[in-house]
Structures are given as C-alpha cells and as structure tokens.
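Participant: Dropping the sequence and predicted coords here.
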Amino acid sequence: MTDSTTSLETQVARWRDYVHRHRAIAPADVDEMEDHLRERVADLTATGLDDDEAFLVAVKRLGRLDAISREFAREHSERLWKQLVLVPDADDAGSSEARRELTVVLTLALGAGLAVKLGTTFWDESTLLRNAGLLVAPFLAGYLAWKRRLTWRTLGMLGAAFAVLGVVLNAYPFDPSGSTVVLAAVHAPVVPWALVGLAYVGGRWRSSDRRMDFVRFTGELAIYVALITLGSGVLVGLTFGLLGLVDVDLEPALEQWLIPFGVPGALIVAAWLVEAKQQVVENMAPVLTRVFTPLTTVMLAVSFTVLVAVGGLTTVDRGLLLLLDAVLILVLALLLYSISARDPLARPGLFDVLQLAMVVAALAVDTVALTAMLTRIAEFGASPNKVAALGLNLLLLVHLVRTGWLLAGFCRRRRGFGALETWQTAYLPVYAAWATLVVVAFPVVFGFA
Amino acid sequence: MHIEKDLVAASATPLVLGILAEGESYGYAIARRVAELSDGHMEWTDGMLYPLLHRLERHGLVEASWGRSESGRRRKHYAITAAGRETLAERQAQWHVVSKTLNQAWEAVSRPLPGGPATAGGFA
C-alpha cells in the first residue's frame, strides 16, 4: 500500500513538473488541476483500478496539455509576459512569508545603509573604499543566510571570515601612499563576495550546480543594480529640477543621505528581486552575452591587428596589463554567462564556434601584450602592482586556455558540454584564493609599501 | 454516443452556470455533475473546464475563492454571481428558442410529408 502511494506521489510530482513548463499555466492552476487529477484517481481506484492505471486514465481524461495551455494562453495572454508577484494577495498561500521576507530585506537594506553612513562619517576616503565591500556584504550574506536557513556553524564561519578580513584591512600598517594599500582595496571586494557566495549556496559549496547558480545570481544582480541605478538617476534628476525651481539645493542631502543609504539598499533590494524572480523572468545576462560575444570578438581582432601593426609594445605603460586583465575578465564573463544558460544537451552550434573564435582572439591579444610586458618586468624589476596584475593575468590565461581547449573539443564533438561547465565552476574559487593572497600576503611580502 | 465538439463548446457555458446556480462547487465536482446529468454521454476533456471557469471569472459571471478539500489540498471553489444568473437566464431563453425550433423542424421531418419523396428530390 505504502509502495503504491509513493509511486502515485512520484507520478503526480512528475506530472506537476511537466505542467509547470507550460508558461500559460500558472502554479495556482496546476494546484487546481492536481486536485481534479487526485479526485479522479480516487474515484477510479474506488471502482477497482490500481493506482497506476487510475493515474493514466485520469491524465488522459484531462486532455492534451498543449491544447489546455493554448486555452489558458487565450484567456490570460498577459501570462506570456510573465508577471512578477513579489507580495501575493492576502488570500494566497505564502503571503505572510513573502511579507516577512520583505520586512527582513528592508531591515537589512537599512542596516547596510546605516553601516555605510557611519563609514562615510567617521572614515577618510581611502579607509572607506578599502572597507566598502565589507560594509555591505555581511548584510547581503545575512539575507541569503536567512533565506537558506544556514546552520549556526556555517554562520559562525562566515562571521569569522568577515571579521578576519576586517582586521587585516584595518590593522595592517599600510603606507598611505604605497601601492599595496591600493591593491588591497581593489582585491578586497572579491573576498566578501566569495563569502556571499558561500551563503548563497547554503553551505553546499562543493556542488558545481550551486556554484553555477551563484554565477547566474551575480549576473542578474549586476543587471538589476544597473537598472535600479538608472531609474534612481532619472528620479533624482527630476527632483533636482523641481526643487531647483524654488531654489532648494538637493546636493547636500544627496551626498550625505541618499547615496550612502541608496547604493547599499539598492544592492540588497536587487538581490531580493533576483531571488524572487528566478523562474519568472528570463535571465538577462545570457541574452546580453549573445549580443556582445560577436562584438567583443571584432574588438579583440581590431586590437590585435593594431597592436601588431604599430609594434610600439616596448614603450607601453604599465596600465597595459591592467587593461588586458579587464579585457580577459570581460571575455570570461561572457563565456561564463553563456555557458550558465546553455542547454548542456544541445548539439554544438554556430554560437559555440563564435565563442571559440572569441577565446582565440583574446588569447592572441594576450600573448602579444604579455610577451612585451614580461620583457619590461625582466628589465625594470618587479613591483607589487606588476606582480598582482601579472598573477591575475596568468590565472585568467590558464582559465581561458583550458576553456578554449574544452570548447574546441565540444565543437568537434569529441567531448560533452559538462566538462566545460565543471571546469568553470571548479576554477572560480582560485580567484577568491588569489584575491585573499593579494589582500593578506602582499602587504607583508612587500613591506606595506 | 459521441457529441460533436462545437456543440459541447456551445453548451459548456450555460451548463456550468446552470450547475453553479444549484450551489457553490469546484472543478472536479462540476465535471462529475455534467457526466451525471447527461448519463455519461457528455464527456468533456477535463482540462478544458479550467480555462472556461477562468473566462467566466474574468467576465464576472462566477466568483472564485480558495479553500481546502477534506484531505487538506488547496481547492478553488466557484459560485455564480448576479451577473452570472442574468447571463444564465439569457442563455436559457436562447437555448429554448433553438431547441423549440429544432423540435418543430424535426417534427416536420418525422411526419410523412405530403407528396413524399418527390418533393424531397425537389430540394436537392
């Protein structure tokens, strides 16, 4: 008896899963139809059918889902433009939980704002910039930890990591005019972000899939923050104009209150939006990669031609390595996001070849410039800046070369797509480790200069 | 007996409204009531009932509310509204005319026509 009950439960669950894929059928409709299905199954089993037979008949009698879905779509055309329900109506299930979540989000957003406000009040600019990530990230991690119901042990570890980072960034005797302090400030945000990632994956940091989810989350978050910033800019501009008419200057209020509270608040609210919308709205980051992958390839090809033709690589300034790192990061982000959204079972297609072309172009540009840079380092010696930029460049290079290799294998159908995915997620912690190294070890090695 | 699709579709709205006029009900019970009333002759594709109920809800002919079944599952209940009753009355009048007309036409067919088959040939 228990056996057949569980088998029925599995079948119903699988059926629900299948129905869910029809966009026009909302979850509430699935609930309604499931009730119908179960009643029908109960009636049929009462007439002597066993669970499996009853389930089959009941599903058959519901009719073809495509046709039902089409009817639903005619009735609710707005559903094809998926709506985002952040706080459901009072009579819907789960509304009190959604309200509680909103309260948590707003409290944390306020907390992050308060932390930044205190920072801007008591710290000089350099200290503030160095600690910026550390002021906001714990609140974001806190929200995710609350949402994922992290264990106290994981929470304790996260808290301890944040604390250690805080101590390192503020207790080290940095030379204010040195470069290690700048390097620490630039690399510092990566570490809290990795900790946010740990909270996001709910402590299951070994899981490749969960890591990929965090990558998706990061991309969507960036887009939402950008959109919120854009909207806020328009709003602030209009307010400025209106108040300017009556000679009230908004600028002090903007600098002292709106920005310190608005920016971290936007980040946390954006995280909430991304969490809420997950399945509802198509992910934007992968869509953008489709547009920018070919454009980036063209940009890289032009850069390569110019760098080789001009040939003045012996006179390039040290900003080149930093720029190159930025280019490689862009290329990798494009790769990562299109990989995160690709159906792993789909056959290799034109877009995969385009990606491979982009990787090859990026590697070509990097090789040319890296050779020039290495000769310069050999000539003038190493500085913390050069070592940090070079180290990151090498990490990115390894990442790209292996990605290109796996992608080529995939395009030639020698290899599945899974290897490519696993490589991306397996390599990500290396960046966090490198950033930690630059923040923690570089100042000591280079004497805080 | 198989009933043509178009006829099922045309009768669906007055049928559902009629069943709801008897009292509040929910999807599966409505489907069961239809089978019962038609002695099992009107078999709907069960799934199609829901888009129809939603359409009636949007037009304000029925009102829906979420409740629980005896076993605790979420269940959506439907009740007819005043506008629904008006529509039902209208549809009843229309169907009445249709069925009266059909009856009269068929009565004429079943009665032996004056002149018999010869006139029938005239129509063709």
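Facilitator: Sure thing, it's come through.
Participant: At the contact with chain B, which residues of chain A appear?
Facilitator: A:28-29, A:31-36, A:38-40, A:43, A:61-65, A:67-68, A:71-72, A:74-76, A:91-93 (CB under 8 Å from any CB of the partner chain). Yep, even glycine has a C-beta here, placed from its N, CA and C like the rest.
Participant: Now list the buried members of those.
Facilitator: A:29, A:31-36, A:38-40, A:61-63, A:65, A:68, A:71-72, A:75-76 (16 or more other CB atoms under 10 Å in any protein chain shown).
Participant: List the contacts of the spatially most central residue of chain A.
Facilitator: Centroid-nearest residue in chain A, with CA atoms, centre = their mean: residue A:218, separated by 1.3 Å. Counting by CB atoms under 8 Å, 6 or more residues apart in numbering or on different chains, residue A:218 makes contact with residue A:193.
Participant: So it versus chain B, what's the distance?
Facilitator: For residue A:218, the distance to chain B equals 35 Å [CB to the nearest CB, to the nearest Å].
Participant: Compute the first-to-last residue distance for stretch A:173-187.
Facilitator: Stretch A:173-187 has an end-to-end distance of 17 Å (CA to CA, to the nearest Å).
Participant: Residues contacting it, please?
Facilitator: So stretch A:173-187 is contacted by A:126, A:129-130, A:169, A:172, A:383-385, A:388, A:434-435, A:438-439, A:442-443, A:446, A:448-449 (CB under 8 Å, 6+ apart).
Participant: Please apply the same query to stretch A:157-164.
Facilitator: A:134, A:137, A:138, A:141, A:145, A:150, A:191, A:192, A:195, A:198, A:199.
Participant: name the element residue A:328 belongs to?
Facilitator: Using DSSP states H and E, residue A:328 maps to helix A:319-341.
Participant: Get me the contact residues on chain B for chain A.
Facilitator: Counting by CB under 8 Å from any CB, the residues of chain B near chain A are B:26-28, B:31-32, B:45-52, B:54-55, B:58, B:65-66, B:69, B:73-76.
Participant: What about those residues, which are in helices?
Facilitator: Secondary structure defined by DSSP state H assigns B:27, B:28, B:31, B:32, B:49, B:50, B:51, B:52, B:54, B:55, B:58 of these to helices.
Participant: of all the residues you listed, which two lie farthest apart?
Facilitator: Based on CB to CB, the longest span within these runs between B:32 and B:58 and measures 24.4 Å.
Participant: The two - which one has more neighbours?
Facilitator: The neighbour comparison of residue B:32 against residue B:58 (other CB atoms under 10 Å in any protein chain shown) goes to residue B:32, with 15 against 11.
Participant: Need the pLDDT of that one.
Facilitator: Listed pLDDT for residue B:32 reads 90.
Participant: Return the residues in contact with the residue lying closest to residue A:165 once chain neighbours are set aside.
Facilitator: Closest residue to residue A:165 apart from its sequence neighbours, by CB to CB, 6 or more residues apart in numbering or on different chains: residue A:191 at 5.6 Å. Listed by CB under 8 Å, 6+ apart, the contact set of residue A:191 reads A:133, A:161, A:165, A:432, A:435, A:436, A:439.
Participant: Would you mind measuring from the residue nearest to residue A:54 when sequence neighbours are not counted to residue B:103?
Facilitator: Leaving aside its chain neighbours, residue A:54 sits nearest to residue A:44 (3.8 Å; criterion: CB to CB, 6+ apart). Look at residue A:44 and residue B:103: by CB to CB, to the nearest Å, they are 38 Å apart.
Participant: Compare these two and say which is more crowded by neighbours.
Facilitator: Between residue A:44 and residue B:103, counting by other CB under 10 Å, residue A:44 is the more crowded of the two (19 against 10).
Participant: State whether residue A:358 is indeed within a helix.
Facilitator: Yes. Inclusion of residue A:358 in a helix is indicated when DSSP: H, G, I helix; E, B strand; the rest coil is applied.
Participant: Hmm, residue A:53 and the residue nearest to residue A:54 touching each other?
Facilitator: Yes. At 7.5 Å, residue A:44 and residue A:53 qualify as touching, with contact defined as CB atoms under 8 Å.
Participant: Not counting sequence-adjacent ones, nearest residue to residue A:330?
Facilitator: residue A:296 is the one closest to residue A:330 (CB to CB, 6+ apart), at 6.6 Å.
Participant: Just the element for the one you found, please.
Facilitator: helix A:284-310.
Participant: got the angle for that helix vs helix A:319-341?
Facilitator: 150 degrees (axes from the mean of the first three to the mean of the last three CA atoms, to 10 degrees).
Participant: how about the strands of chain B, start to end?
Facilitator: Along chain B, the segments classed as strands by DSSP state E run B:25-26, B:62-68, B:74-80.
Participant: Can you check which of those strands gets nearest to residue A:346?
Facilitator: strand B:74-80 (36.3 Å).
Participant: Just the residues contacting the closest one, thanks.
Facilitator: By CB under 8 Å, 6+ apart, strand B:74-80 touches A:28, A:31-32, A:35, A:93, B:17, B:20-21, B:24-27, B:30, B:53, B:56-57, B:61-69, B:88.
Participant: and the closest residue in space to residue A:292 that isn't next to it in sequence, what is it in contact with?
Facilitator: Nearest non-adjacent residue to residue A:292, counting by CB to CB, 6+ apart: residue A:334, 5.9 Å away. Counting by CB under 8 Å, 6+ apart, residue A:334 touches A:289, A:292, A:293, A:296, A:355, A:358.
Participant: One more pass at 7 Å, please.
Facilitator: A:289, A:292, A:293, A:296 (CB atoms under 7 Å, 6 or more residues apart in numbering or on different chains).
Participant: you'd agree the third one is up against residue A:354?
Facilitator: Pointing back at residue A:293 there. Yes. Between residue A:293 and residue A:354 a contact is recorded at 5.6 Å, counting by CB atoms under 7 Å.
Participant: Who has more neighbours out of the two?
Facilitator: Higher neighbour count among residue A:293 and residue A:354: residue A:293, with 19 against 16, using other CB under 10 Å.
Participant: low pLDDT regions in chain A?
Facilitator: A:1-5, A:77-95, A:278-283, A:311-318 (pLDDT under 70).
Participant: quick check: domain ranges of it?
Facilitator: Using automatic domain parsing, the domain parsing of chain A gives A:2-80, A:95-277, A:284-416.
Participant: Identify the single longest helix in the chain, thanks.
Facilitator: The chain I'm using is chain A. From DSSP H, the single longest helix across chain A is helix A:208-245.
Participant: that's the other chain; I wanted chain B
Facilitator: helix B:82-110.
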